[in-house]
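In: show me the folded form of this:
(chains A, B and C)
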Amino acid sequence: MGTVEWPLVLFTVLGETSIGILLALWWLDRTPLDAGLYRKATLTSGALLGLALVASLFHLGHPEAAYRALTHLGSSWLSREILFFVLAALAWVYLFLQISRPNGQRRVAAGIAGLLGLFGIVSSAMIYVLPRVPAWNSAQTPLFFLLTTGLLGALSLLFLGWKSLSPAQMAGLMYWSLGCVLSSLFSYILYFSQLTGMSPEGLATAQILTTSPLFWLRVITNWGAPLILLLPLFKRKRSFNPNLLLTLLVVSGIGEFLGRALFYLSAVGIHISALK
Amino acid sequence: MLKQLGFVLDANRCLGCGACAKACELNHHLPPSLVWRTIRKVEDVTPEGIRRFYLSTACNHCANPECLRVCPRGAYSKRRNGIVTHSPEKCTGCKSCVVSCPFGAPKIHPTTGKACKCQLCYDRIEQGSTPYCLTACLTGALQLREIHTLALDNLTRLTAPLPSLRLTRPSVYFLPPRRVKL
Amino acid sequence: MLAKHQHICPRNCYDTCSLISTTYNGVLLSVEGNPAHDYTKGKLCPKAMSDIQKVYSPSRIRYPMRQRHRFSGDWERISWDEALEQIARTILRLKRTHGSTLPLALNKYSGNFGALHNAMEALFSGIGPTTRAIGSPCWSAGVDAQTIDFGRFRCSSPLDMAHAKLIWLWGVNPAWTAIHQMPIIFDAMERGTTVVCFDTHLSATAARSHRFIQVRPGTDGLLALAMGKVLAEENLLDPDLPNYTLGYHDFLAYLDSEIRVERAATITGVEADTIRDLAREYGQTHPACIWAGFGLQRYTNGGQTLRAIDALGALAGHIGEKGGGVQYGHFETWKFSGLGHTEPSQAKANPVVGKNPSDRALNINKFAAAALACTEPPVRMLWLAGRNPLSQDADLHLWQKLMNQLEFIVVSDLFLTRSAAAADIFLPVTTHYEHWDLHASYWHYWVGVNEPAIAPVGESKSDLEIAWRVSAKLNELEPGSCTFPTSGSEKETLLRELSPELLRLLRLQSPKEILLQPLKANLPPASWAQRQFATPSGRFEFRSEKAVQAGFPALPSYSPPLSPPPEAPLRLLTPHHSSALNSQSYPPDTIPNGYTLYVNPELAESYGLNEGAPAEIANDLGAVRVRLAFDLSIPRDVVIVYQHPAELKDSCLNVLLRSHTTDMGTIATGAPGLALNETFVCLRRLTGSVQRLSPNP
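Out: Have a look, this model is predicted:
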C-alpha cells in the first residue's frame, strides 16, 4: 500500500486546474472575451500554477537541487514534466505581458502556455505508468490526469465568468464539464473492473479503495454531487446562481483531491519473490 | 560485449542465516531502519514434497535498469562491469526510482533524504576484493558471477507476475532448491 | 591507533569460533572471523556479528548495583567496595551463624564457557565446603550413553564428516545451531554424499537435506533398534564385531526377541519399508556418519536413545571408520588445571572444576527443589553467575519460592536478566572483548586464548577479578577465611590453566606459545580408529556392567517416552532458533514481541483457530500467551515454540516446564539431565474465558 503524497496531490491537481483554465480561455476566446474576465482568469491560473510548483518542491528531499532534475530528458518522464511545467510557467509570464498590452497576442500566448502545460500533465501522468504498479500501469493514468484538467479548468472558468460569459459559452463549459464527469465515471468503472480481474496486486488496490471511507466520499463529491448539481443548471440556463457554481467547483475540487490522494494511497507494488 | 556482474544464489546452500544482510548493514553503516539486502522465506508445497528455502536479494543490477530510466537527474549509471551505481550528490530525493523499481531496491536514506541502494561494493571489486555479503556468506550460497559467461541450464530467474516486468532483465540467478518429501 | 586482538566466541555453541577484533584508540570497531581456523574459516554467524552492539549496548549494566526490594526494580548504584563489603560480611556472618559454609550456594553454568570463568567455583572452594549446582542442563544423558558404550565421550573432528558417503543428521539442526558444519556437509553433497535428516519436524537442516525422516518425539531409540534388527536379518552386520565388541550376541538376541519392525513403524511413525530401506543403505554404505544431536536425549529415555544409536553404528561397522562413527560431542580438550586449587579436572563432561569434596552437590536441573529441601544447614545465600535460571530452568514456582526465602542473592551478569530481578546485589561482568580467557570446544579440536581488546566497559570486572576481590575482602575482614588468591594477573592465571596434558595435546613446549594463535589439538581426526575403547573391557560394549551398576539395563533398550496427560494433550518442543541462544537474543536488545506457537494447520483448525490468532498454552504449572503460526511439517500432537527471551513483564515459556530428568547423566556429569522435551500443554483460545477447548470431532 502506498502513502498519500500530499505535496504531489497538491502539485498535480492545482497544476492541472491552472492549465485547464488557460486551455478553456484559449478555446472560448474564439469570440473575444471580456478583458476583465481574461485578466481575472489569467491571474487565477498563474496563482494556482505558482502554488503547484511550490508544493512540488516539498516532495523532494532536496528542493534546493530541483533545478538539476532537468538533465535526464532522454528517458525520465519526471525530467520532461519539470521541463514542460517550467516552460509553461514562462509562457504564462509571456501571456501576462500580452494581456497587459492593449493589442497583445493573448490567444497565441494562452495557447502556447496551455499546450506546454498539457505536455507537462501528460509527462506527470507517464511518471506513474510503471510496470511495477499494476494499478497505475495503464492508459487510464494519463486519461484521469487529463479529465481533471478538463473538469476543474472548465468549472473554474464557469465560476469566474458567470457574469460576463455568453449563455452559449456557459452552456459550452457546462456540457464540457458534464462530459468530463461522465467520462471520468465510466472510465473509472472500466478501470476498476480491470483492476479486480488483473492480479493480486490489482485486487489489493481495489480492496484498499473500497474499504477506505475516502473512496466513498470521492464517489459522492467527484461524481454524484456534480451530476446532481449540473442538472438544475441545464434547466435554468439563463439565471446562474454563483453560489451553486461555487459549490459545484468546490465539491468537484474536493473530489479530485480525494481521487488523487487515493491514487497514491492505493498503489500496490508487485512482489517478486518466487522462483519458477 | 560489456561485462555484467550479477549475484547467483544457490538456494540449496542458503540457510537464511542473515550473515550477508548483517555484514552489509554493519560495513555500510546503515541506520537501523534501512536495509539493502533482505532475506525472504519461501515455501512451496506440492504432492511431491516441500521446498522451504530462502531468497537473499539486494539490488539486481539489471541489464535494463528501471531506476536509471526514470531518474530525472541521471543519478544512476551503469558501470562497465554492469554494476548499477547511484550518485547521492546528484540525487534530489524525488523517489521516482523507489516507486519504479520492481524489486524495491532503492530506498530513501532516513538521514540524508536521498535514495540509496546496494552498489555491489564496486569499490571493493575494483580493488580485487569481494562484496561484504559474499565475504560473510558461511556456506558459499551467495556468489558473484559474470552473467554472460554463465551456463544457464540449471538456473532460474525471479518470476514476475507480469511479463512487462521482465523488461529490466535483472542480473540475478538462482539455483533452485530440491524438494524434500514430507 | 588501530589494533587487532584475538578472541574466542564464548557462547555455549558447537562452533566456538575464533575471532579477530579491530580497535581504534581502545574502541571496538569490527569483529571478524579468524581465517586461520580450519573449521570456522573466518566466517561468523550473525550472533557474533552483533557483538559490538552487545558490548556497547545501552542496556548493559556498567556499575555494581543494590536492589532495595527483590523484583522491585528499585536499584541504586553502589561502589565495588560497598558491594564486596556486603557480600563478604554476609558470607562471614552466615558462616558464623550456621557454623558452616554450606549455606552458601553457587549456581553457575555456560553464560561464558571460558576456563577463567571457573574462578567462581574456585572462589567458593576457597571459602570451604559449599552448596553447588552440578551436572548439566544440556547433554548429560547422551554423554553417559557414550561413556557406557565407548568408555569415554569423544567425537571425530567435524572436518572428518567430509569423508562420509552417507550422513545422518539425527535430531540435530546445524543450519541453526552449528552453521560452520553446513558448508562441510554441502561440499560432501556436491561430491555425491547422501544426507538424511531425522527430526520431529522439517527443520532448517532437514529442508536442505536429500531426505527427511519424520520421527515421533522420543521414539528415535526404537527406530535405531528396529534398523539394527534389519541389519541383523539382512546379514549386514560388521563381520569384525566379535573382535572388538562385547555382548553383541546378547544384543542381537534382544533385538530378535523384543523388537518388531512393523510395531516400531507404528510407534515411530516411520513406515516399515522406509526403516528397511534406511537400514540397508546405512549397512551398505561406507563410510557412513551419524551426528546425534542434543535434542534427542532431552527425554526420560534419552540415554537409551543414544545407546541404541551408538549400537546401530557399531552393528553396521561404522565405529572407528574414517568419515563414520556416531558423533555427539567431546571434552577431550577441556584439560584445564582448575585454577590451581584442585587436581586437574578428570575430563568431567561438565565444566565444574575446583569442586570441594565435601561440597553439597545439588542437581542443577532440580536446584530450586533441592535447595529448598536443604535443612542441615539450610541454603541462605545464592550466587548466580553465567546463569539465568528464572528464565531457563524448570520448576519456576519453586525458584520463586527459593528466591523469596533466601537471605542474600548475588547475580553477576552483563544485563539485568529475569534472574537478576531477584538479586540483592548485581555485579557487572566483562565481555570476551574485555578480559583474558582460555577456550576449548565440545565439537571441534581447537583451543585458543581470548585477549582483552578494550578496557572493561564502565566498572565491569571479569569473573576472575571479582573472585580475587571477594577473596581479598574476606581475608581483610577475617584473615584466612578464603584460600583463593586475592590478586594476580589474568594472563598468568590463564597460562597456568594449560595442564601438562593439554600442552601435550597442543604440542606446546611452554604455555606461552598458545598466546600466538589458536591451536588444534593433536587428536586423531576419526575417533576410535584402532577400535580400542576406554570401556572396562576395552571393547565397544553392547552389554555394559557400568550401565548395570548405574541401575540401567545392561543392553541398549527401548523404553517409551512420557505420554501426555489427558488435560495437556500436546507435546511442547522448544528448540533453539538461529536468532537466539537460550535467553540471549540477537541482535542484542531486540526481544521478540511475545512467543509464536508453531502448529500444524489441521490442529489449529480442530481448535477453530486461524493463523496469527492469539491463544494460550497451559498446563498445571502455568500458562503462556502465544500467537499461532502454521507449519504443516509439525505433527498434530506436537506444538513448537522456538525459545527466546521474553519481556520481564510477560510470563516466560519455562513456567510450563517441570524438572523431569533424563534417565542417564550421573556417571559422567554427576547428575541426570533435563528432559525438557517431555513437556505437555493444552491449547486454549484467548477469549477471556479460561475454559479449555477440546478439538472438534
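In: can you pull out the helices in chain B?
Out: For chain B, the helices defined by DSSP state H occupy B:19-27, B:66-70, B:96-100, B:122-126, B:132-136.
In: need the contact partners of the last one.
Out: To tie it back to what came earlier, the one meant is helix B:132-136. Residues outside helix B:132-136 that contact it (Cβ atoms under 8 Å, 6 or more residues apart in numbering or on different chains) are B:19-24, B:26-28, B:37, B:56, B:58, B:121, B:124, B:129, B:142-144, C:43-44, C:49. (C-beta placed from N, C-alpha, C; glycine too.)
In: next up, the contacts around C:D240.
Out: Residues near C:D240 by Cβ under 8 Å, 6+ apart: C:G317, C:R531.
In: could you measure from it over to chain B?
Out: 35 Å (Cβ to the nearest Cβ, to the nearest Å).
In: and what of A:K163?
Out: 43 Å.
In: of all the helices of chain B, which lies closest to C:L398?
Out: Each of the helices of chain B has some distance to C:L398 by Cβ to Cβ; the shortest is helix B:19-27, at 39.4 Å.
In: re earlier: PyMOL command for the buried members of the contacts of helix B:132-136?
Out: Per 16 or more other Cβ atoms under 10 Å in any protein chain shown, the buried members of these correspond to this PyMOL selection:
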select buried, (chain B and resi 19+20+21+22+23+24+26+27+28+37+56+58+121+124+142+143+144) or (chain C and resi 43+44+49)
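In: was I right to think B:C62 contacts B:T168?
Out: Yes - counting by Cβ atoms under 8 Å, B:C62 touches B:T168, with 4.1 Å between them.
In: next one: phi and psi at the residue of chain B at minimum distance from chain A?
Out: Residue nearest to chain A within chain B: B:G93 (2.1 Å; Cβ to the nearest Cβ). Per-residue torsions, B:G93: phi 70, psi 30 (degrees, to the nearest 10).
In: do C:D51 as well
Out: phi -60, psi -40.
In: from what I can see it touches C:Y433, true?
Out: Yes - C:D51 lies in contact with C:Y433 (Cβ under 8 Å); the separation is 7.1 Å.
In: list residues touching both of the two?
Out: With Cβ under 8 Å, 6+ apart as the test, C:D51 and C:Y433 both reach C:L28.
In: A:Q169: which element?
Out: Element membership of A:Q169, judged by DSSP states H and E, is helix A:167-198.
In: buried ones in that helix?
Out: Buried residues in helix A:167-198 (16+ other Cβ under 10 Å): A:169-170, A:172-174, A:176-178, A:180-181, A:183-185, A:188, A:191, A:195, A:198.
In: now the helices for the stretch 1-150 of chain A?
Out: Using DSSP state H, counting those that start in this stretch, the helices assigned to the stretch 1-150 of chain A run over residues A:6-28, A:35-59, A:77-100, A:106-127, A:140-160.
In: any idea which of the ones you listed gets closest to chain B?
Out: helix A:77-100 (3.8 Å).
In: phi first, then psi, for A:W136.
Out: phi -110, psi -20.
In: what's around the residue lying closest to it once chain neighbours are set aside, how many residues?
Out: Nearest residue to A:W136, sequence neighbours excluded (Cβ to Cβ, 6 or more residues apart in numbering or on different chains): A:Y128, at 4.3 Å. A:Y128 has 24 neighbours, counted by other Cβ atoms under 10 Å in any protein chain shown.
In: and A:Y128, how far from C:H644?
Out: With distances taken as Cβ to Cβ, to the nearest Å, A:Y128 is found 43 Å from C:H644.
In: wait, the residue of chain B closest to chain A touches B:G113, no?
Out: Yes - at 4.6 Å, B:G93 counts as touching B:G113 under the criterion of Cβ under 8 Å.
In: contact residues of chain B facing chain C?
Out: Within chain B, the positions near chain C by Cβ under 8 Å from any Cβ of the partner chain are B:12-13, B:15-19, B:22-23, B:26, B:45, B:50-53, B:136-140, B:177-178, B:180-182.
In: select only the buried ones of those in ChimeraX?
Out: The ChimeraX command for the buried members of those (criterion: 16+ other Cβ under 10 Å) is given here:
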select /B:12,13,15,16,17,18,19,22,23,26,50,51,52,53,136,137,138,139,177,180
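In: show me the contacts for residue 110.
Out: This is for chain A. By Cβ under 8 Å, 6+ apart, the neighbours of A:A110 are A:L22, A:L23, A:L25, A:W26, A:D29, A:T42, A:L95.
In: hm, I was asking about chain B
Out: B:P110 touches B:P31, B:S33, B:L34, counting by Cβ under 8 Å, 6+ apart.
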